[in-house]
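# Need coordinates for the following:
(2 chains)
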Amino acid sequence: MRMFSKHVSSLLAAYIDGQLRAREARRVTLHLEHCEHCRRERELVESGMSAVEHLSLVHAPDAIWTAIEAALPSRPLWQTQRNPAWRFVFATLVFILLAGAGFWVFEQRIHRPGMAWELRPIQGTPVVNAKPVHGAVRVGAGEWIETNSSASVTVKLGEIGVVDIGPNTRLTLVTARPSENRLALVRGQIHAKISAPPKLFFVDTASGTAVDLGCEYSLHTDEEGSGQLDVTQGWVAFQWKGQESLVPAGASCLTLPKAGPGVPYFDDASGTFKRGVYNFAAAKFEGPWLEVILGDARVRDTLTLWHLLPRVGVRDRERIYSRMAALAPVPAGISRAKVLRLDPETLKRWKDELAWVW
Amino acid sequence: MIPLSDREVAAEIIESCRAGDREALRVLYDLYKDRVYSIALHFFRGDQPTASDITQQVFLKLMTAIGKFKGEAAFSTWLYRLVVNACQDAVRRRKRVGLTTQRDRLEEIAGKSSHEDDYAHAQSVQLVRAAVSALPPAFRLAILLRYFDDLSYEQIAQALHCSMGTVASRLSRGHKLLAEHLKRLRWETK
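Modelled structure (predicted):
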């Protein structure tokens, strides 16, 4: 009979989901009664379907709406489209705005290369290029901003975000272009909230460069480069001479003079674990503190362990690998030998998989 | 506030969106953001910046293209067509600049379950994500649309610009491949 000669593999999902018409569903039922091959296929499809149930809905980060709002026109379109009188007003406004924008661009090109940031004092009297500032001003590349113990300012970086500059801070704006916004933080504290695509905002310090990967974070440093990075949203990459620490939301990272970024750790890790990380770094990643770190590590602390792999000797690397494998399953294709050899592609793939639990 | 079920969007909201009302967009955004983001995130193997970009693009496109939404299909179907187009465009862009669809950056995955501290559960979740990531993009999209919004085969077909038969076939083959990938991954991790 024809109904038994043609396999029904391509209909199985629809059959299981009840999406077939009654007649077609009956044909599949009859076929399955007589076809071992299709019955095995049905088991596989059902198994695949129940596996997908493991995927969970992930909440969209708040920064997305901020970026959408920034990209939307500032006035609802209907206010300018329904009434012809409004159209005239709108056209006049557009003309004035364009003329103003043209004049502003002309001014900027003459007086200052690149874009300008808008600086507003929050409290006290900040200083821009050694001159006290009392109201909102524009600052451009090459200009210095300094606050004393009673001053703080907020700086709007065009549409990409806001940087709050705390007391006793000195920094300079290095680059202000649509493709790169960079400042050099000599000392003090900043809090940055960036809603732009990753790698548009950079902060240079004496111990490395913080690269925004779409995030909110606080960074403080002294002139030697000792400091700390605390990330509250998204990711920050801290880079120094080819070394990189990737710090996700809820994690921090110490920065050390002439040693670059430290090893990141989650703020909710145990005090023992964090003490271990601090002391192990201070001991130049040698000695008994590793035992403390490994003993107190949780699944998400594989963030710290993964960053330790390239910083320790081979024997300690083996111990770290074993502990990581015990905490989270080693994904297919990640070989122990390649991890111990610090094969870049293997480390990257493992990091990508581990990031799901960070 | 207009009461909305998860599956029905009031005509007034759509109309307000057409008029450029950002409050109306916010209502739609709140209703669909997590599903749009989750589909993009799982499609791009947990690449958070790309998933954020896709979500942003989809809702901005929604504002400019909603005039073309005639209400012939469900609003969600129309919205997911924007998601599918955005994902496919991103894949093409990545190919052009020589990137694969594999993740190339570290991202935060919000909403982690506390159960993930449990080794066995973490292992299952990790393996399923890896197996879904390994599926061909067309199968992956069909499964994600079916799973994250429980779209009917007809709605998935409209979102993917294909026939219902193709959807049925992709879901069958996709789930079968997924089970086979999982079997292999479980064996390899033993």
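# the bottom helix or strand of the chain by mean pLDDT?
Just going to use chain A. Among the helices and strands of chain A, helix A:78-81 carries the lowest confidence by mean pLDDT, DSSP states H and E, at a mean of 43.
# wrong one, chain B
Scanning chain B with mean pLDDT, DSSP H and E, the lowest is helix B:119-133, at a mean of 77.
# list the helices and strands that one packs on?
Contacts defined by 3 or more C-beta pairs under 8 Å, 6 or more residues apart in numbering or on different chains; DSSP states H and E place helix B:119-133 against helix A:36-52, helix B:22-43, helix B:137-149, helix B:164-189. Any C-beta I mention is one placed from the backbone N, CA and C, and that applies to glycine too.
# Domain map for chain B?
Domain assignment of chain B by automatic domain parsing yields the ranges B:8-107, B:114-190.
# Return the distance of the last one from the chain's centre.
The reference is to domain B:114-190. Counting by C-alpha atoms, centre = their mean, to the nearest Å, domain B:114-190 is centred 12 Å from the centre of its parent chain.
# circling back to that earlier point, just the buried residues of the least confident helix or strand of chain B, please?
By neighbour count with 16 or more other C-beta atoms under 10 Å in any protein chain shown, helix B:119-133 contains the buried residues B:122-133.
# a markdown table please, covering the residues you listed and showing distance to A:Lys351.
Output for those, formatted as a markdown table (distance: C-beta to C-beta, whole Å):
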| residue | distance to A:Lys351 |
| --- | --- |
| B:Ala122 | 16 |
| B:Gln123 | 18 |
| B:Ser124 | 21 |
| B:Val125 | 17 |
| B:Gln126 | 13 |
| B:Leu127 | 17 |
| B:Val128 | 19 |
| B:Arg129 | 15 |
| B:Ala130 | 14 |
| B:Ala131 | 19 |
| B:Val132 | 19 |
| B:Ser133 | 15 |
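# hmm, back to that, which among the helices and strands packed on helix B:119-133 is found nearest to A:Ser335?
Nearest of those to A:Ser335, taken as C-beta to C-beta: helix B:164-189 at 10.8 Å.
# low pLDDT regions in chain B?
Scanning chain B for pLDDT under 70 picks out the ranges B:1-9, B:95-122, B:188-190.
# Angles on the backbone of A:Cys253, please.
phi -150, psi 130 (degrees, to the nearest 10).
# so B:Ala168 touches A:Gly18, yeah?
No. Under the criterion of C-beta atoms under 8 Å, B:Ala168 is not in contact with A:Gly18, lying 12.0 Å apart.
# which residues does A:His307 contact?
A:245-246, A:263-264 (C-beta atoms under 8 Å, 6 or more residues apart in numbering or on different chains).
# Now do the SS call for it.
helix (DSSP: H, G, I helix; E, B strand; the rest coil).
# And it, what's its pLDDT?
If you check A:His307, the pLDDT there is 96.
# do you know how far it is from chain B?
Counting by C-beta to the nearest C-beta, to the nearest Å, the separation of A:His307 from chain B is 11 Å.
# on that earlier part again, comparing B:Ala168 and A:Gly18, which residue is more hemmed in?
Higher neighbour count among B:Ala168 and A:Gly18: B:Ala168, with 24 against 7, using other C-beta atoms under 10 Å in any protein chain shown.
# still on that earlier bit, figure out which of the helices and strands packed on helix B:119-133 is closest to A:Ala325.
Shortest distance between A:Ala325 and the helices and strands packed on helix B:119-133, using C-beta to C-beta, is found for helix B:164-189: 9.8 Å.
# and the closest one with chain A, contact?
Yes. Judged by C-beta under 8 Å from any C-beta of the partner chain, helix B:164-189 comes into contact with chain A through B:165, B:168-169, B:171-180, B:182, B:184-185, B:188-189.
# Of the residues you listed, just the buried ones, PyMOL syntax please.
Entered in PyMOL, the line below selects the buried ones among these, by 16+ other C-beta under 10 Å:
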select buried, chain B and resi 168+169+171+172+173+174+175+176+177+178+179+182+185+189
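# still on that earlier bit, would TSV of the helices and strands packed on helix B:119-133 with distance to A:Pro257 be doable?
Shown next, in TSV, are the helices and strands packed on helix B:119-133 (distance: least, C-beta to C-beta, whole Å):
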stretch	distance to A:Pro257
helix A:36-52	50
helix B:22-43	38
helix B:137-149	47
helix B:164-189	42
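# Could you pull up the residues touching B:Trp78?
Contacts for B:Trp78 (C-beta under 8 Å, 6+ apart) come out as B:Phe69.
# how much space between the closest residue in space to A:Ala63 that isn't next to it in sequence and A:Gln239?
Excluding its sequence neighbours, the residue lying closest to A:Ala63 (C-beta to C-beta, 6 or more residues apart in numbering or on different chains) is A:Ser195, at 4.7 Å. Per C-beta to C-beta, to the nearest Å, A:Ser195 is found 22 Å from A:Gln239.
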